[in-house]
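# Generate a structure from the sequence data that follows.
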Amino acid sequence: METLGRVLVIVPTYNERDNLPRIAERLRAAVPGAHLLVADDNSPDGTGKIADELASGDDHVHVLHRPAKQGLGAAYIAGFRWGLDEGFDVLVEMDADGSHQPEELHKLLEALADGADLAIGSRYVPGGRVMNWPASREFLSRGANVYTRLMLGLPVRDATAGFRAYRAATLEKIGLADVESQGYCFQVDLTLRAARHGLRVAEVPITFVERTVGTSKMSGRVMGEAFWRIAQWGVTGLPARMRRRRG
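Predicted coordinates:
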């Protein structure tokens, strides 16, 4: 098992002042060597100020202040670029609301150490599960992943998952300059890019826990973008998939 080097966990925030201190504390306890980057989209509830206070007392906590709410994908892209510029070897996506448990981060890091280029914390592989979600929300999530597999031919059970770890080399190889997708679609986009570059994508089981504080950022706009972009990618990539099948 290889040594991974420096790890940066990127946590985008918008109005997460009640969740951020606790998730930072849990992360620092679970993986003490990891650094935390809070990418705050100018939260009106003062989340950015709380992030600054956390960073002032811990040299493993950093803050990226962004001018306005511009979407999950844009926040992660900014965080990736910051981490790459700072020389981090592994970059992790994690939500601020506690749905991704920092205590399970080691599973993703172990998958990278075993040779994966991208490790996804999956709800829908054996051993993975969802806690406290309404049945309608889980049905929608599972349906979105079935739709993604059918349209794109991706051998991934949870392509929309947001708890994931990338090698720095993976992000550099797949390219970030032309990524415009947001929300769940952003996760599918980067998974598809990794697969099309022949990189190794590993899924590890996690327990996803619905947030208990604050409100979800899911919206009809996010779902609509995902539906149409995935359809577009599927149609664009269909000739290549047909050639592989004939071959």
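
# number of nearby residues for Pro67?
By the measure other CB atoms under 10 Å, the count of residues near Pro67 is 7. For glycine as for every other residue, the C-beta is placed from the backbone atoms N, C-alpha and C.

# How about Glu93?
26.

# Over to Ala111?
22.

# List the contacts of it.
Ala119, Ala165, Ala202, Val204 (CB atoms under 8 Å, 6 or more residues apart in numbering).

# Now do the nearest residue to the second one once chain neighbours are set aside, the pLDDT please.
Excluding its sequence neighbours, the residue lying closest to Ala165 (CB to CB, 6 or more residues apart in numbering) is Leu108, at 4.1 Å. You'll see Leu108 listed with a pLDDT of 98.

# can you pull out the helices in this structure?
Using DSSP state H, the helices of the chain run over residues 20-30, 47-56, 72-85, 105-113, 135-152, 168-174, 183-196, 220-246.

# buried residues in the first one?
Under the neighbour-count criterion of 16 or more other CB atoms under 10 Å, helix 20-30 has Leu20, Ile23, Ala24, Leu27, Arg28 buried.

# how much space is there between the fourth one and Asn19?
As for Leu27, its distance to Asn19 is 12 Å (criterion: CB to CB, to the nearest Å).

# Low-confidence ranges, the protein, go.
Applying pLDDT under 70 to the chain flags residues 1, 183, 211-223, 225-226, 235, 237-247.

# Contacts for stretch 99-106 next, please.
9, 23, 26-27, 29-31, 34, 92, 94, 121, 162-163, 165, 206-211.

# Endpoint to endpoint, that stretch covers what distance?
16 Å (CA to CA, to the nearest Å).

# Met131: neighbouring residues, count only.
10.

# Residues in a beta bridge with it, which ones?
Val209 (DSSP bridges).

# List the contacts of Tyr14.
Asp40, Asp41, Ser43, Thr47, Lys69, Lys217.

# That should have said Pro126, apologies.
Per CB under 8 Å, 6+ apart, neighbours of Pro126: Pro205.

# before we move on, what about Asp52?
Here Asp52 is in contact with Val63 (criterion: CB under 8 Å, 6+ apart).

# before we move on, back to that, can I assume the residue nearest to Ala165 is in contact with Leu118?
No: in this structure Leu108 lies outside contact range of Leu118 using CB atoms under 8 Å: 9.5 Å.

# Report the separation between Arg149 and Leu199.
In terms of CB to CB, Arg149 sits 18 Å off from Leu199.

# In terms of neighbours, single out the busier of these two.
With neighbours defined as other CB under 10 Å, Arg149 and Leu199 compare such that Leu199 has more, 18 against 14.

# isn't the more buried one right up against Ala119?
No: counting by CB under 8 Å, Leu199 sits too far from Ala119 to count as a contact (11.2 Å).

# before we move on, the earlier item: what residues do Leu108 and Leu118 have in common as contacts?
With CB under 8 Å, 6+ apart, Leu108 and Leu118 have common neighbours Arg164, Ala165.

# So between these two, which is more surrounded?
Leu108 (28 against 25).

# Pull the contacting residues for the more buried one.
Val92, Ala119, Ile120, Gly121, Phe163, Arg164, Ala165, Val204.

# Go ahead and flag the most central residue of the protein.
The residue lying closest to the centre of the chain (CA atoms, centre = their mean) is Gly162, at 3.3 Å.
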